[in-house]
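Enquirer: 3D, please:
(chains A and B)
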Amino acid sequence: MKKIYIVIACIVGAVMLIQACSKLHPGAPTDDELLDGPVTGLSYEQNRQFLAGDVAFNDEIFTAQTGLGSIFVASSCGSCHAGDGKGHPFTTLTRFGQVDSTGNNFLHLGGPQLQNKALPGFTPEQIPAGATFSKFTPPANTGLGFLEFVTDASILAMADPTDANGDGISGVPNWNYPPNFVTIPSNSISLNGKYIHRFGKKAAAFNLLHQTVNAYNQDMGITSSFFLKDVYSGLDIDPEVSNQTVQNVVFYLQTLKTPVQRNPEDAEVIQGKNIFIQAGCESCHKQTLQTGFSPIAALSNKSFHPYTDMLLHDMGSALDDGYTEGSAKTFEWRTPPLWGLGLSPNSQGGQYFLLHDGRARTIEDAIQLHGGEASQSKNKFNQLSNADRKALLKFLKSL
Amino acid sequence: MTRTFVITTIILFSCIRLQAQIDPALLRRIPKDTVKQTMNMDAVYNRPFVSVGKLPVSLGGYMEANWQHLGTDGVSEGHQFQFRRMTLFVSSTIGKRLKFLSEIEFEEGGKEIAIEFAALDIELHPLLNLRGGVILNPIGAFNQNHDGPKWEFTDRPISATQMLPATWSNAGFGLYGKHYSKDWMFGYEAYLSGSFDNSIIDNSENKTFLPAAKKNPERFEEINSGLPLFTGKVAVRNNKIGELGLSYMGGVYNKFQDDGLQIDDKRRVNVFAIDFNSTLPRLNTFITGEWAWIKVNVPSTFTQQYGNKQQGGFVDIVQPLVKKRILGWDKATVNLACRIEYVDWNVGKFTSTGTNIGENIWSIMPAISFRPTAQTVLRLNYRHQQQKDILGNPPAKTGGFIFGISTYF
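Expert: So this is what the prediction gives:
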């Protein structure tokens, strides 16, 4: 009799365990704590491609056998964009050799990007004598698809190259020649054969395919059929990543969700947002943009809140490294989106590394380093009361 | 080679079956209390075997299967049933002071088949034995003492599988010996064997990962560097106190020359480990653990993704609660146990910021186990672990239940 009780107790225990086990797992972070994850509204097929891109982006580690290097910056996409957030100085990359819009004078010496790491037995690149350079900390990937499908007309509507309205803010697009492998959308606007580029610190990448192909090649030393030149030998070699994988990564980047603001109804956050607008920050860090048509329905004709205008602005001498890309001047930088700013420490090892090269260790430091067109806003920030300043920072950290 | 071994083993097992039909009395089980501790270096022979009549070979083995339901940060793969491994042992006393033992493992339903151990032991003196063949490098304790039925946990320790390579075996030769004096035992082992390769700092794990070298089947034929790996261990045991082992494994891991031409500097991997086990008097609490330190010469021009220092280990505490006749099994045991473990795959600081490099994990795993006999265990584990990425960002939290069975046969 006693034996049967033990057996029954074991069976009941097993059934309860199977039923209850998932309740005892660690809980999921809330949606506003994460930068990764897909945009809502994807089809089953699109979800599959998103997952394939996720694996290629975050899990595929390149080795010597699979094509890494021989000189490189990082061994995987995910190395630079932990949790799809901003990167860390550990994987900050260096570009060199271009001082104006006439092009890079050091392409024959390894430009534009320094591959500062090498496989054992190989020697990494050095910056050539006489070349100016700038360091670029990896940006967050979040919401990139929305930025890609903002129309050229919308971007041009925000530009004011001659400061016609007299607010001290100009803003110009980076006009450049796209690479042959990209398809120019029918609604793109051309200027003397050049097109608006929009991704990267200097807005030098035309679209996410351009950005992805460059990253595979320049960051990891991985050739694709889109770009066959090996960074080490300078010769065309066989593709080391398939077109499908590249396209999956592009789709993954396009369909990453936008960051969710935390505590948007908090009174101090609302106060901070008003101060942000009154101080003129919103002149460049545009709160709301609109996508045009996108073949991905979830991205088509949507309003979103990136806090950028995707234009180049004069940021003053303190941020002039003497290096540039495309038609940008050395002192011009693309307005970085502020969405996800408050979650930066979650991908930067618990710290802030802000501005293009991570030199600003706090949001206040980043504001203080604003110059040029942003000087007025910085001065207004410095005149704020402690309470207003605190509210503004709370708003920025809520993004 | 592997196929021949499998066929031979199947034939031998078939013989057992045929003879058993004739006269089961011919089967002679050589029992072992595999829970009772001898020295760790004895683990390969401290297993139950079956011998058949006057056949010179003894056979044995063990299997492990489990169900698990784990989740990480709210995402779960759901219910999983896994057949982790089945291992077959064949041993033979060839002649006076000549023994052969082999261990072949089928993992994940046969996806991986490997000879983990196949060595001839020649006893010249109790303090001087020659061993040659495929040997288990005696680094730490778990590598040699890894049989599933001996442990109260379905998962092998993280430090022994994800930092040190579990069941790390190579073709090699060496010496071992033991000396007994009353309650004291002293043992030593020293081997030269096949070695690691470049994959330990260039692999799909994106971190310095010694187990990556296990994927290279060529290591049984060719040493990547052309230089042997040395593994040595000394251990001392007192029957009333416990056992303490100190071990070292090191050698050049990389291919530094090819066809007579120098293609890289020689780069070494060095591993130091300490292991211990003890049974507390009166409470009968069994405590075992090991800790290892790894140093790898990683070129400074390579990425810091691959660390040059690692450390980690585990402690298991097993408390017998009940030992009596249960459900008709004499001396059945119910144990309460807990494993605490930690691994840091990249000890050091970023050159770019001077801040600590992350890439670490800790885990705690309470367990309850039931042993109807010493050779068979049913175990329920709950794992909670937190793993940080290289930047030290907020950890990925994993938790869930694992129920497993494991038995010698």
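
Enquirer: can you give me the helices in the stretch 151-300 of chain B?
Expert: Under the criterion DSSP state H, counting those that start in this stretch, the stretch 151-300 of chain B contains helices at B:158.

Enquirer: and it, which residues reach chain A?
Expert: For the stretch 151-300 of chain B, the contact set with chain A under CB under 8 Å from any CB of the partner chain comprises B:198-199, B:201-206, B:254, B:263-264, B:267, B:299. C-betas here are computed from N, CA, C, even on glycine.

Enquirer: which residues does residue 347 contact?
Expert: No chain specified, so I'll use chain A. Taking CB atoms under 8 Å, 6 or more residues apart in numbering or on different chains, we find A:S347 in contact with A:35, A:81-88, A:140, B:391, B:393.

Enquirer: if you could check chain B rather than the one you did, that'd help
Expert: Applying CB under 8 Å, 6+ apart to B:V347 gives the contacts B:307, B:309-311, B:357.

Enquirer: how about 10 Å then?
Expert: For B:V347, the contacting residues are B:293-295, B:307-312, B:356-357, B:359-360, by CB atoms under 10 Å, 6 or more residues apart in numbering or on different chains.

Enquirer: and for A:S385?
Expert: A:275, A:391.

Enquirer: how much space separates it from chain B?
Expert: Counting by CB to the nearest CB, to the nearest Å, the gap from A:S385 to chain B is 33 Å.

Enquirer: and that residue, what's its pLDDT?
Expert: Listed pLDDT for A:S385 reads 96.

Enquirer: if we can go back for a sec, JSON lines for the contacts of B:V347, including pLDDT?
Expert: Listed next are the contacts of B:V347 as JSON lines, based on pLDDT from 0 to 100:
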{"residue": "B:W293", "pLDDT": "98"}
{"residue": "B:I294", "pLDDT": "98"}
{"residue": "B:K295", "pLDDT": "98"}
{"residue": "B:G307", "pLDDT": "95"}
{"residue": "B:N308", "pLDDT": "96"}
{"residue": "B:K309", "pLDDT": "97"}
{"residue": "B:Q310", "pLDDT": "98"}
{"residue": "B:Q311", "pLDDT": "98"}
{"residue": "B:G312", "pLDDT": "98"}
{"residue": "B:N356", "pLDDT": "95"}
{"residue": "B:I357", "pLDDT": "96"}
{"residue": "B:E359", "pLDDT": "96"}
{"residue": "B:N360", "pLDDT": "97"}
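
Enquirer: can you get me a residue count around residue 149?
Expert: Going with chain A. Number of residues near A:F149 (other CB atoms under 10 Å in any protein chain shown) recorded here: 25.

Enquirer: let me rephrase: I mean chain B.
Expert: By the criterion of other CB under 10 Å, B:P149 has 23 neighbours.

Enquirer: check A:N301 too.
Expert: Counted with other CB under 10 Å, A:N301 comes out at 11.

Enquirer: likewise B:T167?
Expert: Using other CB under 10 Å, B:T167 has 23 other residues around it.

Enquirer: what about it, distance to chain A?
Expert: In terms of CB to the nearest CB, B:T167 sits 23 Å off from chain A.

Enquirer: same deal with B:G95?
Expert: From B:G95 across to chain A, the span is 46 Å (CB to the nearest CB).

Enquirer: low pLDDT regions in the chain?
Expert: Let's take chain A. A:1 (pLDDT under 70).

Enquirer: that answer is for a different chain, and I need it for chain B
Expert: Where chain B drops to pLDDT under 70, the residues are B:1-37.

Enquirer: could you point out the longest strand of chain B?
Expert: Using DSSP state E, we find that the single longest strand of chain B is strand B:75-95.

Enquirer: partner strands of that one, with direction?
Expert: strand B:57-72 (antiparallel), strand B:98-107 (antiparallel) (DSSP bridges).

Enquirer: one step back: Produce a PyMOL select command limited to the buried residues of the residues of the stretch 151-300 of chain B next to chain A.
Expert: Applying 16 or more other CB atoms under 10 Å in any protein chain shown to those leaves a buried subset, and the PyMOL line that selects it is:
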select buried, chain B and resi 198+199+201+202+203+204+205+206+254+264+267+299
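
Enquirer: for chain A, what is the nearest residue in the stretch 201-350 of chain B?
Expert: For the stretch 201-350 of chain B, the residue closest to chain A is B:D264, as judged by CB to the nearest CB, at 3.9 Å.

Enquirer: my guess is that residue contacts B:T301, does it?
Expert: No - assessed by CB atoms under 10 Å, B:D264 is found out of contact with B:T301, at 11.4 Å.

Enquirer: ok, back up a step: ok, of the contacts of A:S347, which come out buried?
Expert: Buried among these by 16+ other CB under 10 Å: A:35, A:81-88, A:140, B:391, B:393.

Enquirer: let's have these in TSV, adding secondary structure and distance to B:Y248.
Expert: TSV is the format used below for the buried ones among the contacts of A:S347 (DSSP: H, G, I helix; E, B strand; the rest coil; distance: CB to CB, whole Å):
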residue	secondary structure	distance to B:Y248
A:L35	coil	45
A:H81	coil	40
A:A82	helix	36
A:G83	helix	39
A:D84	helix	43
A:G85	coil	41
A:K86	coil	43
A:G87	coil	39
A:H88	coil	35
A:A140	coil	45
B:L391	coil	32
B:N393	coil	35
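
Enquirer: what would these look like in CSV with distance to A:H197?
Expert: Below are the buried ones among the contacts of A:S347 laid out as CSV (distance: CB to CB, whole Å):
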residue, distance to A:H197
A:L35, 24
A:H81, 20
A:A82, 26
A:G83, 27
A:D84, 22
A:G85, 23
A:K86, 21
A:G87, 21
A:H88, 26
A:A140, 19
B:L391, 29
B:N393, 31
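
Enquirer: related to what we said a few turns ago, for B:G328, find the nearest of the strands paired with strand B:75-95.
Expert: For the strands paired with strand B:75-95, the distance to B:G328 is smallest for strand B:57-72, at 22.5 Å, taking CB to CB.

Enquirer: host element of the most centrally placed residue in chain B?
Expert: Geometric centre of chain B, nearest residue: B:N143, 3.0 Å, by CA atoms, centre = their mean. Element membership for B:N143 (DSSP states H and E) is empty, with no helix or strand holding it.

Enquirer: with that, I have no additional questions.
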